[in-house]
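**Q** with the input below, show me the fold.
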Amino acid sequence: MTEADEVVDAELVDDDHLPAIASGDAEAMPARTLVDRHTILVPGEPLPTEAAQPTYTERDLYISKATAERLKNKSKPKNTSRTYNNQRDLFRRWCETQGRVHRPCTTATYVEYVAHLIDDGRAPNAISVAMSAIRTWMPDDKKPGTAEARGMLNEYKKEWNKRVGVKKAPAITDEMIRAMVATCDPQHPIGIRDRAVLLLGRGALNRRSELADLTIGNVTVETDGVALYFASSKTDQEAKGEETFIPAWDDPDIDPVHATRAWLDTLHRLGVHEGAFLRALTREGRLQSRIRATDRGEHVTGDAINDWVRERAKRAGIKGWEKITAHGLRRGGAQAIADAGGDPTGQGRWKEGSAVVKREYLDRAISRRDNPWLRLARPGSNGEAT
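**A** Residues are numbered from 1 along each chain as shown. Below you'll find the model as predicted:
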């Protein structure tokens with residue numbers, strides 16, 4: 001056998017698994033080689049052996065409390081993490097009453113809990129959130145199966161929709177937004193703030209959490225519009241960041257540039273030059289005391305923004321104001337863009353090709369624009385005379 005034909009007698013090991021420790025006198029035995037199908041050696045490089053492996057101690061295995069807290073919320077916004085933790089706690093307590101192991105749970109326990117939520121009359125979306133929270137809580141190699149639970153939920157959705165119907169936040173139309181803005185006192189800090197919320201929320205098709213998380217540094221006012229920078233969002237879990245531009249309007253009543261400048265000026269007069277863009281205010285228009293601040297610190301919650309928007313709808317005398325939410329700004333703005341022949345996907349930071357945008361906005365706009373009854377209801381519409 002030539003030198004080139006020499007075969008190295010090395011022990012192949014599975015990926016990520018060290019070989020078993022050899023029995024006998026370790027000192028008398030040669031150190032075993034450690035190679036696998038991915039090993040690459042350059043000429044002259046010795047084969048890796050057990051003796052060359054590092055010795056791990058507890059120091060290499062433990063993480064700090066601060067890091068552990070970060071891991072709890074990894075890849076999830078704070079609101080989502082809070083919801084997931086609550087759902088997991090409910091599942092744990094249910095398992096205790098049933099004498100079942102909650103983590104890692106069996107597929108049977110998972111299915112039984114979903115059936116329990118269905119029997120309890122929970123909304124399908126709420127059950128779906130609970131299922132996701134529980135399954136992602138389990139170790140990667142011990143997650144319960146989802147086919148049976150998902151099948152039950154799908155059947156339940158049909159029953160739910162027949163009985164309850166799908167409830168959606170009413171879209172805030174152009175007429176409604178004007179009426180709501182008209183209730184905002186341009187001389188009072190609360191009115192100035194709420195006007196900015198209404199016009200920016202509609203212009204950037206914001207989710208309420210995106211509005212609540214804005215900082216002063218995220219807002220740039222230009223002569224031809226307002227640029228909002230979103231450090232992260234529901235569709236940007238990796239926090240790559242994205243900017244959305246809202247053009248200026250000729251009508252000063254609904255011009256986002258004027259509204260944003262007025263609110264920034266108000267913040268400066270209140271002594272605020274950085275940090276959260278939207279602030280809680282007292283009835284007199286002063287900054288609300290931080291003593292009652294939540295874990296969000298200076299930032300308000302999405303629920304607070306909902307309350308502001310709903311209050312403006314109430315003051316404007318809008319029918320069904322109690323059902324109005326901040327999401328109506330997003331829905332109304334997206335529909336207005338679609339009705340005008342545009343695509344709201346980019347402006348609202350939906351994922352490219354979003355089924356929601358197509359179903360809720362684009363298809364609806366096309367259906368209404370091409371409705372055959374228009375030829376009779378509005379002679380001359382669709383470019384044809386009757």
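**Q** CA atoms for contacts and neighbours, from now on please.
**A** Noted.
**Q** check contacts around the closest residue in space to Ile177 that isn't next to it in sequence.
**A** Of all residues not flanking Ile177 in the chain, Leu198 sits nearest, at 7.4 Å (CA to CA, 6 or more residues apart in numbering). Leu198 is in contact with Ile177, Val181, Val309, Leu329, counting by CA atoms under 8 Å, 6 or more residues apart in numbering.
**Q** relative to Asp343, how far out is the second one?
**A** By that I understand Val181. 25 Å (CA to CA, to the nearest Å).
**Q** repeat for the first one
**A** As for Ile177, its distance to Asp343 is 21 Å (criterion: CA to CA).
**Q** now the third one
**A** Taking CA to CA as the measure, Val309 and Asp343 are separated by 25 Å.
**Q** what's in contact with the lengthiest helix in the chain?
**A** Longest helix of the chain, by residue count under DSSP state H: helix 78-98. With contact meaning CA under 8 Å, 6+ apart, helix 78-98 is reached by Lys72, Asn73, Val101, His102, Tyr113, Val129, Ala130, Ala133, Ile134, Trp137.
**Q** ok, stretch 42-56 next?
**A** Ala31, Arg32, Thr33, Leu34, Val35, Leu41.
**Q** tell me, how many residues neighbour the fifth one?
**A** Read that as Val35. 19 (other CA atoms under 10 Å).
**Q** now the phi/psi pair for it, please.
**A** As for Val35, its main-chain torsions (degrees, to the nearest 10) stand at phi -140, psi 160.
**Q** one more: the last one?
**A** Listed backbone geometry of Leu41 is phi -120, psi 140, with angles given as degrees, to the nearest 10.
**Q** what about it, how many residues close to it?
**A** Applying other CA under 10 Å, I find that Leu41 has 11 neighbouring residues.
**Q** for the residue lying closest to it once chain neighbours are set aside, pull up the helix or strand it's in.
**A** Nearest non-adjacent residue to Leu41, counting by CA to CA, 6+ apart: Leu47, 7.7 Å away. Per DSSP states H and E, Leu47 falls between elements, in no helix or strand.
**Q** quick check: pLDDT value at Leu47.
**A** Among the per-residue scores, Leu47 shows a pLDDT of 85.
**Q** likewise for Ser381?
**A** Predicted confidence (pLDDT) for Ser381: 52.
**Q** per-residue pLDDT of the residue nearest to Ile177, please?
**A** 97.
**Q** what's the following helix or strand after the host helix or strand of Arg195?
**A** Per DSSP H and E, Arg195 falls inside helix 189-203. Where DSSP H and E defines the elements, the next helix or strand beyond helix 189-203 is helix 208-213.
**Q** packing partners for that next one?
**A** Helices and strands touching helix 208-213, as assessed by 3 or more CA pairs under 8 Å, 6 or more residues apart in numbering; DSSP states H and E, comprise helix 189-203, helix 302-315.
**Q** one more time with 10 Å, if that's ok
**A** Counting contacts by 3 or more CA pairs under 10 Å, 6 or more residues apart in numbering; DSSP states H and E, helix 208-213 is packed against helix 189-203, strand 225-230, helix 302-315, helix 327-339.
**Q** in TSV: the ones you listed, plus distance to Leu376.
**A** Formatted as TSV, the helices and strands packed on helix 208-213 follow (distance: least, CA to CA, whole Å):
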stretch	distance to Leu376
helix 189-203	33
strand 225-230	41
helix 302-315	35
helix 327-339	20
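**Q** burial-wise, tell me which of these comes out on top.
**A** Compared across the helices and strands packed on helix 208-213, helix 189-203 shows the largest average neighbour count, a mean of 25 (mean count of other CA atoms under 10 Å).
**Q** that one: how far from the chain's middle?
**A** In terms of CA atoms, centre = their mean, to the nearest Å, the centre of helix 189-203 is set 22 Å apart from its chain centre.
**Q** next, the angle from that helix to strand 225-230.
**A** Angle of helix 189-203 versus strand 225-230, following axes from the mean of the first three to the mean of the last three CA atoms, to 10 degrees, is 80 degrees.
**Q** now do the strands in the stretch 101-250 of the chain.
**A** In the stretch 101-250 of the chain, the segments counted as strands under DSSP state E, counting those that start in this stretch are 219-222, 225-230, 242-247.
**Q** still on that earlier bit, of Ile177 and Asp343, who's got more company?
**A** The neighbour comparison of Ile177 against Asp343 (other CA under 10 Å) goes to Ile177, with 21 against 18.
**Q** what's near enough to touch that one?
**A** Arg195, Leu198, Leu199, Arg202, Ile254, Arg312, Ala313, Ala316, Leu329, Gly332, Gly333 (CA atoms under 10 Å, 6 or more residues apart in numbering).
**Q** which one of those residues is nearest Ile305?
**A** Leu198 (9.7 Å; CA to CA).
**Q** helices of the stretch 1-150 of the chain, start to end?
**A** Per DSSP state H, counting those that start in this stretch, the stretch 1-150 of the chain carries helices over the ranges 65-72, 78-98, 107-119, 124-137, 147-163.
**Q** hang on, the earlier thing: now do the helix holding Arg195 and helix 302-315, the angle between them.
**A** Going by the same axes, to 10 degrees, helix 189-203 makes 100 degrees with helix 302-315.
**Q** what's the angle from helix 189-203 to strand 242-247?
**A** On the basis of the same axes, to 10 degrees, helix 189-203 is oriented at 110 degrees to strand 242-247.
**Q** can I get helix 189-203 as CSV, trimmed to CA atoms?
**A** Extracted in CSV, the C-alpha atoms of helix 189-203 (Å, rounded to 0.1, in the frame of the first residue of the first chain):
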residue,chain,number,x,y,z
PRO,A,189,-52.7,69.7,24.0
ILE,A,190,-55.1,66.7,24.0
GLY,A,191,-56.9,67.9,20.9
ILE,A,192,-53.5,68.6,19.1
ARG,A,193,-52.3,65.1,20.1
ASP,A,194,-55.5,63.3,19.0
ARG,A,195,-55.5,65.1,15.7
ALA,A,196,-52.0,63.9,15.0
VAL,A,197,-53.0,60.3,16.0
LEU,A,198,-56.0,60.3,13.6
LEU,A,199,-54.1,61.7,10.6
LEU,A,200,-50.9,59.7,11.1
GLY,A,201,-52.8,56.5,11.9
ARG,A,202,-54.8,56.8,8.7
GLY,A,203,-52.0,58.0,6.6
